[in-house]
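[1] Just the structure for this:
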Amino acid sequence: MAFQLAACAEMLWQDKPVHWRAARLHELGFGVGLWNWPAWDLEALEKTGAHFTIMNGYLKGSLANAEGAKMLLKSARETIQVGKRLGVDRLNLHGTGLDDKGLPIQQLAHVAPGMWLRARDTLHRICEMAEEEDVVFTLENLNLRDHPGCPFNSTTDVLNLVSAVDRPQLRINLDLYHTQVGEGDVIRHAQACLPWIGEVQVADNPGRHEPGTGEMNWPMIARALNTMGYDGTVCMEAYAKDNADDALAAFRAAFTLEL
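    Here you go, the predicted structure:
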């Protein structure tokens with residue numbers, strides 16, 4: 001059983017255009033993760049021949065208030081067309097819109113009980129749209145140190161929402177870096193999320209660099225994912241500590257299993 005390896009183009013070779021980075025990842029045998037699309041040269045990205053595993057599925061909006069949900073659905077419908085043009089596997093969501101520094105545009109200190117119901121309703125509406133368009137969305141866990149005030153941020157929150165909706169058009173983008181920073185116990189969280197995982201994302205902690213640069217035991221985590229039966233995409237969403245090619249080699253080594 002082998003993982004499908006990918007890497008976030010926007011965090012590597014940051015002095016190069018995004019389409020160059022996508023082409024380089026494709027050349028090295030990796031899938032490609034992307035963030036927000038308006039600044040990209042879509043025609044150039046199409047020509048790379050890359051396999052795009054994930055991109056942000058919206059530009060603005062939020063799950064848990066009426067106006068934010070309306071904005072989210074409108075933005076997601078537009079983004080779906082970009083994703084379909086590039087052949088993206090999954091379109092990613094967060095509890096609320098993030099700015100260009102990853103900070104929630106609307107920060108919340110507390111999520112009221114009624115907001116859970118509205119978030120669940122918004123995700124059902126996302127799924128209805130996704131079913132019409134034959135696409136899949138994911139909901140990503142974050143951590144409050146890097147994304148203060150983000151509602152529905154934790155791995156547990158994301159699992160509760162996605163499992164409550166429980167539709168094939170909505171999966172979990174399980175970011176193990178955020179799990180480690182916010183909660184720890186990454187293997188047991190992965191086991192709990194397993195039936196709904198659409199993609200696993202990784203970076204080491206501290207530093208958010210490639211596997212092997214921090215405290216996390218990636219070979220053990222890789223073996224655990226394999227043992228529990230996960231064989232989907234693992235995407236390195238990390239900054240290279242030094243050289244991007246070396247970072248990718250370390251990532252590949254950590255997730256290449258000796259069977």
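[2] sec struct for the residue most central in space within the chain, please.
    Centroid-nearest residue in the chain, with C-alpha atoms, centre = their mean: residue 173, separated by 4.6 Å. Assigned with DSSP: H, G, I helix; E, B strand; the rest coil, residue 173 falls in the strand class.
[3] didn't it look like it was pressed against residue 92?
    Yes. Taking C-beta atoms under 8 Å as the contact criterion, residue 173 and residue 92 are neighbours in contact, 5.4 Å apart. For every residue, glycine as well, the C-beta is placed using N, CA and C.
[4] residues bridging contact with those two, i.e. touching both?
    Common neighbours of residue 173 and residue 92, counting by C-beta atoms under 8 Å, 6 or more residues apart in numbering, are 54, 138, 139, 140.
[5] Could you tell me how far the last one is located from residue 43?
    In other words, residue 140. Going from residue 140 to residue 43 by C-beta to C-beta, to the nearest Å gives 28 Å.
[6] Comparing those two, which residue is more hemmed in?
    Between residue 140 and residue 43, residue 140 has the larger neighbour count (other C-beta atoms under 10 Å), namely 23 against 9.
[7] out of everything not next to it in sequence, what's closest to the more buried one?
    For residue 140, ignoring the flanking residues on the chain, the nearest one in space by C-beta to C-beta, 6 or more residues apart in numbering is residue 173 at 3.9 Å.
[8] how about that neighbour, what does it touch?
    54, 90, 92, 138, 139, 140, 141, 198, 199, 201.
[9] From those, pick the one nearest residue 240.
    residue 201 (15.6 Å; C-beta to C-beta).
[10] mind checking the SS state of that closest one?
    The three-state label for residue 201, taken from three-state DSSP, comes out as strand.
[11] right, and it touches residue 175 too?
    Yes. Residue 201 sits in contact with residue 175 when judged by C-beta under 8 Å, with a separation of 4.3 Å.
[12] Please identify every residue contacting each of those two.
    Between them, residue 201 and residue 175 share the contacting residues 140, 237, judged by C-beta under 8 Å, 6+ apart.
[13] okay, the two: which has more neighbours?
    In this view residue 201 and residue 175 are compared by other C-beta under 10 Å, and residue 201 has more residues nearby, 27 against 24.
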